[in-house]
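Asker: Give me coordinates for this.
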Amino acid sequence: MADEGSDKAVLERAGAYFLSVVEASRDCIRVISADGFVEYMNAQGQALFEIDDFEGRNRRKYWPDMWPGDSRALVEAGLLRAMDGEASAFRAFCPTAKGEPRWWDTTVSPILEAGRVTRVLATSRDVTGEMRSELQRQLLVNELNHRVKNTLATIQSIASQSLRNAGVDVAVRNAFEGRLMAIAATHNVLTDKNWSAASLRQIIDGSVTPYRGHAGQLTITGEDLMVSPKPAVLMALAFHELAINALKYGALSVESGHVDIHWAVEGGDRLNIDWTEQGGPAVRPPERRGFGSRIVELALPGELGGQVEVDYRAEGLHCRISSPLSALDKVDAFMQLPAEAGSSRDGRRE
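Answerer: Numbering: from 1, shown residues only. Just a heads-up that it's a prediction; the model follows:
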């Protein structure tokens, strides 16, 4: 009769079907006792971890002790949860027995008999190639972010000097530099998120807050949402243009003025953003549409697949942006900017 603690005894109790499945697996599979000691590891697991003497060096070893210090806490937490009857998963680093660096995705599940945890099943898959690819991707993204930031700074410097030497009006120079700064601010937010998405709150805050005179002039409310890169950049430009217009002619041009920006998801799939100005000078519509108007009223709804309504009410400008919620995830959407820029004759929108 097989020794009660041997591989054969463990597998005899588990059954032939379990044995065939375990041995056919391409992953490392361990059976761990209820007190956390390794009882069994399949042949593929021994090969993956480059273990030549499982019986002599690994059997009856406390499983978390087989992982390096940085990973041990994750392993022990997963083991304890399994002992409490709950399955879990983690990704952690553990070199092979011969010192080869490896990353593993591991699932830990309780084995129950009569409602009681008698053993734990741990399955580890080698994801080293995936981790190396991710690290390489991150390295390239960081390098790209660095170069783009340097490029934006260079463009801003060249533009500033060129426009100044050409005698271009200060207002035009400031408007151009402000637009570059809005793009740069959104770029920084996207960089923090590895260019996956940007926070709507951060987009609006970064585009508008620099133009308020004091904290009481601006209110931003709404449950935060994530916006993919292309719509994020255009939204930053649009809110920058609204803020500049308010600073020159609207609520932000006087101490008593106030801008309220609020958004909400309605009907489960519709995003509505309201820009409302109060307490500023009497508003009148511009005589002609400039760059800012085309960004807000043409480019933005085109990118978001929605509508933008601008109401030049006497008591203060009101702008409503309405779009499908799905438009915030349009990673591959083409960002259409106005083909030409201009300034209105009375300067109401540039």
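
Asker: you'd agree E277 is up against D311?
Answerer: No. Counting by Cβ atoms under 8 Å, E277 does not reach D311; the two are 10.4 Å apart. C-beta: built from backbone N, CA, C; applies to glycine.

Asker: Among the two, which residue is more densely surrounded?
Answerer: E277 (25 against 12; other Cβ atoms under 10 Å).

Asker: So that one belongs to a helix, correct?
Answerer: No. Using DSSP: H, G, I helix; E, B strand; the rest coil, the secondary structure at E277 is strand, not a helix.

Asker: remind me which residues of this protein are low pLDDT?
Answerer: Low-confidence regions of the chain, defined by pLDDT under 70, span residues 1-19, 141, 144-145, 172, 175, 186-187, 189-196, 330-350.

Asker: So which residues of it form helices?
Answerer: Secondary structure of the chain (DSSP state H): helices at 7-14, 16-24, 43-48, 54-57, 69-83, 128-165, 170-192, 200-208, 229-249, 291-294, 300-304.

Asker: Save the ones you listed as CSV, and put in mean neighbour count too.
Answerer: Converted to CSV, those look like this (neighbours: other Cβ atoms under 10 Å):
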stretch, mean neighbour count
helix 7-14, 16
helix 16-24, 13
helix 43-48, 16
helix 54-57, 12
helix 69-83, 17
helix 128-165, 12
helix 170-192, 18
helix 200-208, 22
helix 229-249, 24
helix 291-294, 22
helix 300-304, 21
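
Asker: what's the closest of those to V259?
Answerer: helix 229-249 (5.8 Å; Cβ to Cβ).

Asker: sorry, back to before: and for E277 and D311, which residues touch both?
Answerer: Shared contacts of E277 and D311 (Cβ atoms under 8 Å, 6 or more residues apart in numbering): L317, H318.

Asker: if we can go back for a sec, CSV please, covering the helices of the chain and showing distance to C319.
Answerer: Converted to CSV, the helices of the chain look like this (distance: least, Cβ to Cβ, whole Å):
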stretch, distance to C319
helix 7-14, 67
helix 16-24, 62
helix 43-48, 59
helix 54-57, 69
helix 69-83, 49
helix 128-165, 27
helix 170-192, 16
helix 200-208, 12
helix 229-249, 6
helix 291-294, 11
helix 300-304, 10
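
Asker: Of these, which is nearest G115?
Answerer: So among those, helix 69-83 is nearest, using Cβ to Cβ, at 13.9 Å.

Asker: other SSEs contacting the closest one?
Answerer: Applying 3 or more Cβ pairs under 8 Å, 6 or more residues apart in numbering; DSSP states H and E, one finds that helix 69-83 contacts strand 88-93, strand 103-113, strand 116-126.

Asker: Can you lay out those strands as TSV showing mean neighbour count and distance to L234?
Answerer: Listed next are these as TSV, based on neighbours: other Cβ atoms under 10 Å; distance: least, Cβ to Cβ, whole Å:
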stretch	mean neighbour count	distance to L234
strand 88-93	15	36
strand 103-113	18	38
strand 116-126	18	41
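
Asker: As a markdown table, these with distance to S199 would be great.
Answerer: Converted to a markdown table, those look like this (distance: least, Cβ to Cβ, whole Å):
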| stretch | distance to S199 |
| --- | --- |
| strand 88-93 | 26 |
| strand 103-113 | 29 |
| strand 116-126 | 33 |
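
Asker: quick one, which of the ones you listed is nearest to E255?
Answerer: Closest of the helices and strands packed on helix 69-83 to E255 is strand 88-93, at 54.2 Å (criterion: Cβ to Cβ).

Asker: Need the CA coordinates for the closest one. CSV is fine.
Answerer: Coordinates of the C-alpha atoms in strand 88-93 are reproduced here as CSV (Å, rounded to 0.1, in the frame of the first residue of the first chain):
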residue,chain,number,x,y,z
SER,A,88,-8.4,33.9,-5.8
ALA,A,89,-5.7,34.8,-8.3
PHE,A,90,-2.5,36.9,-8.4
ARG,A,91,0.5,37.6,-10.6
ALA,A,92,3.9,37.4,-9.0
PHE,A,93,7.6,36.9,-9.7
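
Asker: Output the contacting helices and strands for it.
Answerer: Where contact means 3+ Cβ pairs under 8 Å, 6+ apart, strand 88-93 is packed against helix 69-83, strand 103-113.

Asker: give me that answer again for 10 Å
Answerer: Applying 3 or more Cβ pairs under 10 Å, 6 or more residues apart in numbering; DSSP states H and E, we find strand 88-93 packed against helix 69-83, strand 103-113, strand 116-126, helix 128-165.
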